[in-house]
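K.L.:
Sequence plus the predicted model coming up.
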Amino acid sequence: MTAAETAAVETSTGLAAELDRLRAELAEALKLARKASDRGDIENLFNRYMYLHNAFEDEQIIPLWVKPGTPGIRARYTNAGQYTDYDSVIRYHQGRPRPEGKLILHYTTTPVIEVAADGKTAKGVWIMAGNESGLTDPEVAKGSPDYMYSPGEVQGKKVWAHWVWCKYAVDFLRQDGEWKIWKFRCYELLRAPFEENWISFAEKNQHAFALDLMYFGDDGKPVFMPPADEPVPQEYHPYSPTSRQVLDPPPPTPHDTFTDTFK
């Protein structure tokens, strides 16, 4: 082989190696771009959920969930049980009224979102700080403890105005090319009326987490969830003056495929 031929072979070999390197870099760049795009889509999905929920537009939340019949669907809000059937999960979002004077603002922040390496599922956690408030007919208010309400009345009605802090842990499923809510868990951390600190209020209100209150409707009437499909695998309790804080839920970490960590 002549020197020229040798040089040509070396050049060809070098170009092939460079082409392989560029292909590998392109594949990695596409992988990172897809991961970033997925994360943005998931964050938008959950933020859209919150915007709609705050405006009592829960019927519009229903399409954000997985399709009917999807295995593994689940929602849990309290220790009263968890919902594992599509119809019972969606019941939470159906028929919600828009009472006069009612205001909720659930403001989510501090997201940690991880998409599984196989691209089929994703996990996310959020912290929520906000308020829940409204007016209750005095006769309806007799069914609740006085400490739930603020002193005095507005327009002849009792006032409930609470600061609320929660944590959310959500599993998402890629379905028909779009991310959907698959498993939803709400952890109420603490609440307190506007006039009271959360420590003294927590000492009085521990029993409330055993009730699956869905919302306060017209005239402040409490509306409860239907009976749960299953008991909770393990009870969760919000803050109390005797509790010690633990890492629950655990923020997701990079993972290859779905693992059920938000039970």
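P.N.:
Nice, thanks for sending it over.
K.L.:
all strands of the chain, in order?
P.N.:
Under the criterion DSSP state E, the chain carries strands at the ranges 74-78, 81-83, 103-115, 121-136, 153-154, 157-175, 178-193, 213-216, 222-224.
K.L.:
any low-confidence regions in this structure?
P.N.:
When residues are selected by pLDDT under 70, those of the chain lie in 1, 3-11, 209.
K.L.:
If we use 90, what do you get?
P.N.:
In the predicted model, the chain carries pLDDT under 90 at residues 1-36, 143-145, 205-226, 263.
K.L.:
any idea which residue sits dead centre in it?
P.N.:
For the chain, the residue lying nearest the average C-alpha position, counting by CA atoms, centre = their mean, turns out to be Tyr168 (4.0 Å).
K.L.:
list the contacts for it?
P.N.:
For Tyr168, the residues meeting the contact criterion (CB atoms under 8 Å, 6 or more residues apart in numbering) are 46, 108, 124-128, 184-187. For glycine as for every other residue, the C-beta is placed from the backbone atoms N, C-alpha and C.
K.L.:
ok, back up a step: between the strands of the chain, which one is nearest to Glu59?
P.N.:
The stretch from these with the least distance to Glu59 (CB to CB) is strand 213-216; that distance is 13.7 Å.
K.L.:
longest helix anywhere in the protein?
P.N.:
In the chain, assigned by DSSP state H, the helix with the most residues is helix 3-54.
K.L.:
what packs against it?
P.N.:
Taking 3 or more CB pairs under 8 Å, 6 or more residues apart in numbering; DSSP states H and E as contact, the helices and strands that helix 3-54 lies on are strand 103-115, strand 121-136, strand 157-175, strand 178-193.
K.L.:
now with 6 Å?
P.N.:
Under the contact criterion of 3 or more CB pairs under 6 Å, 6 or more residues apart in numbering; DSSP states H and E, helix 3-54 touches strand 103-115, strand 178-193.
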